[in-house]
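Undergrad: Need the 3D shape of this:
(chains A and B)
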Amino acid sequence: DGGITQSPKYLFRKEGQNVTLSCEQNLNHDAMYWYRQDPGQGLRLIYYSQIVNDFQKGDIAEGYSVSREKKESFPLTVTSAQKNPTAFYLCASSILGQTRTFGSGTRLTVV
Amino acid sequence: AQKVTQAQTEISVVEKEDVTLDCVYETRDTTYYLFWYKQPPSGELVFLIRRNSFDEQNEISGRYSWNFQKSTSSFNFTITASQVVDSAVYFCALSEAFSGGSNYKLTFGKGTLLTVNP
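TA: Prediction:
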C-alpha cells in the first residue's frame, strides 16, 4: 500500500545532540513537508520541498535542517540550536497543489 | 494574512449525540480551499474533506456533514449520532489557491478535542 512512513515513532535526545527524523513516501509525490505540533496548537510548517535537491524554509525553520536527495525521502535534522525541540513532528507529501497526505508522526523528547 | 479559529478547545458528548465543531477563517484571497482533518490518538492526520471557495454547497458523507457559509467565513463540521471511534482532535485548515510553482500555504486552526463517551 502507498503511504508515508515516519521513523522512529518515539525519539529521545540529550541536550546538545543532533537527531534526524526519517520520512519516506512511496506515493510518487513531488512535494514533501515537515510540520511541528505542540500540545493544544495547530501544525506549523518547518520546511518544505517541491522537487529533489531543492527545499524552502517554512515558518519556524530555525534550529532545523533538511535534505532532499531522493524523491522518496525528506529527512529532518533537529540541531542543538533548536532550543525547545520537544514536540510531535509530522511529515506530509502531496502532488503539487493537491491535498497533503500525512505520516503517523515522531514524538521527540529532550531528556 | 490567513487565520483559522477553532474556538472550541474541547468538547465532550455522550454516544449518539450530534456534535458540531466550529471553524471560522480569515483570508484576503478570493480563491481558497478549506479542509478538515481528523487526528486520532495514533497521531496521523486523516483527511476528511476539501472544499473550494466557489462551492458553497453543503456536503454530507455518512454521519459527517459540512456547512460552508462564505458570508460568515465559517466552515462548520457536524457529526451525527456520534460514536466512541469519533474521539479525536479535529483540525480545520485553510490554504490559498495553488499558483504554479509556489508552495501553497496551509494554515491550521489549533484543533478541537472531541471526546465521545459511551
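Undergrad: Can you show me the strands along the chain?
TA: Here I'm looking at chain A. Using DSSP state E, the strands of chain A run over A:4-7, A:10-13, A:19-25, A:31-37, A:43-51, A:54-57, A:64-66, A:76-78, A:87-94, A:101-102, A:106-110.
Undergrad: should've been chain B
TA: Using DSSP E, strands in chain B cover B:3-5, B:10-14, B:19-21, B:24-26, B:32-39, B:46-52, B:59-61, B:64-69, B:74-79, B:88-96, B:106-108, B:112-117.
Undergrad: got the buried residues for the third one?
TA: Using 16 or more other Cβ atoms under 10 Å in any protein chain shown as the burial criterion, the residues of strand B:19-21 that qualify are B:19, B:21. In this view, the C-beta of every residue, glycine as well, is placed from N, C-alpha and C.
Undergrad: who does it touch, helix- and strand-wise?
TA: Identification of packing neighbours for strand B:19-21 by 3 or more Cβ pairs under 8 Å, 6 or more residues apart in numbering or on different chains; DSSP states H and E yields strand B:10-14, strand B:74-79, strand B:112-117.
Undergrad: one step back: tabulate the strands of chain A (CSV), appending mean neighbour count and mean pLDDT.
TA: What follows is the strands of chain A, written out as CSV (neighbours: other Cβ atoms under 10 Å in any protein chain shown; pLDDT from 0 to 100):
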stretch, mean neighbour count, mean pLDDT
strand A:4-7, 18, 95
strand A:10-13, 14, 92
strand A:19-25, 19, 97
strand A:31-37, 25, 95
strand A:43-51, 21, 93
strand A:54-57, 14, 93
strand A:64-66, 20, 97
strand A:76-78, 21, 97
strand A:87-94, 24, 96
strand A:101-102, 22, 93
strand A:106-110, 18, 95
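Undergrad: closest to B:Thr5 out of the ones you listed?
TA: When the strands of chain A are compared for distance to B:Thr5 using Cβ to Cβ, the nearest one is strand A:43-51, at 15.1 Å.
Undergrad: Report whether that closest one contacts chain B.
TA: Yes - counting by Cβ under 8 Å from any Cβ of the partner chain, chain B has neighbours in strand A:43-51: A:43-45, A:48, A:50.
Undergrad: between that strand and strand A:31-37, what angle do the directions make?
TA: In terms of direction (axes from the mean of the first three to the mean of the last three Cα atoms, to 10 degrees), strand A:43-51 departs from strand A:31-37 by 160 degrees.
Undergrad: returning to what we had before: of all the strands of chain B, which lies closest to A:Ser94?
TA: Of all the strands of chain B, it is strand B:106-108 that lies closest to A:Ser94, at 9.5 Å by Cβ to Cβ.
Undergrad: Show me what from chain B comes close to chain A.
TA: So chain B meets chain A at B:4, B:9, B:35, B:37, B:42-47, B:50, B:91, B:93, B:98, B:101, B:103-111 (Cβ under 8 Å from any Cβ).
Undergrad: Please look at B:His29 and B:Glu96 and confirm they touch.
TA: Actually, residue B:29 is Asp rather than His. Yes - with contact defined as Cβ atoms under 8 Å, B:Asp29 reaches B:Glu96; the gap is 5.1 Å.
Undergrad: Tell me which of these two has more neighbours.
TA: Legend: neighbour count by other Cβ atoms under 10 Å in any protein chain shown for B:Asp29 and B:Glu96, higher for B:Glu96 (18 against 12).
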